[in-house]
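Q: build me a structure from this.
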Amino acid sequence: MSKFVTALAAAFLAACGVETAGTAATAAAIKKQELEEGKRTQQRANAKIDQATKAMQDSAEKRGGD
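A: Numbers count the residues shown, from 1 in each chain. The predicted model follows:
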């Protein structure tokens, strides 16, 4: 009977380890996706800043030329 209990305990512990590894892999994939989305958001923000800067420079040049 004790061999059965030992084997059962070992099976539960092994299953727990597999689940933990799977959870860690899923968390890593989610973090990678969040990082990539953050990079895209930063690129869009930089593009908008560049557009606004150019518009301000163009406006200043037009006012200076009058």
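
Q: only C-alpha atoms for contact and neighbour calcs from this point on.
A: Will do.

Q: give me the pLDDT for residue 22.
A: Per-residue pLDDT puts residue 22 at 79.

Q: who are the contact partners of it?
A: Residue 22 sits next to no residue when contact means C-alpha atoms under 8 Å, 6 or more residues apart in numbering.

Q: which stretches in the chain count as helices?
A: Per DSSP state H, the chain carries helices over the ranges 2-65.

Q: how close does the most centrally placed residue in it get to residue 27?
A: When C-alpha atoms, centre = their mean is applied to the chain, the residue found nearest the centroid is residue 34 (1.8 Å). Distance, residue 34 to residue 27, by C-alpha to C-alpha, to the nearest Å: 11 Å.

Q: cool, and residue 53?
A: Distance of residue 53 to residue 27, given as C-alpha to C-alpha: 39 Å.

Q: for the chain, which spans come out with low pLDDT?
A: Residues of the chain that meet the criterion pLDDT under 70 lie in 8, 12-18, 65-66.

Q: repeat that with 90
A: By pLDDT under 90, the low-scoring segments of the chain are 1-25, 64-66.

Q: gap between the residue nearest to the centre of the chain and residue 64?
A: From residue 34 to residue 64 the distance is 45 Å (C-alpha to C-alpha).

Q: same question, residue 49
A: 22 Å.

Q: got it, and residue 6?
A: Distance from residue 6 to residue 64, by C-alpha to C-alpha: 86 Å.

Q: do the same with residue 45
A: 28 Å.

Q: with residue 50 instead?
A: For residue 50 relative to residue 64 (C-alpha to C-alpha), the value is 21 Å.

Q: same question, residue 56
A: 12 Å.
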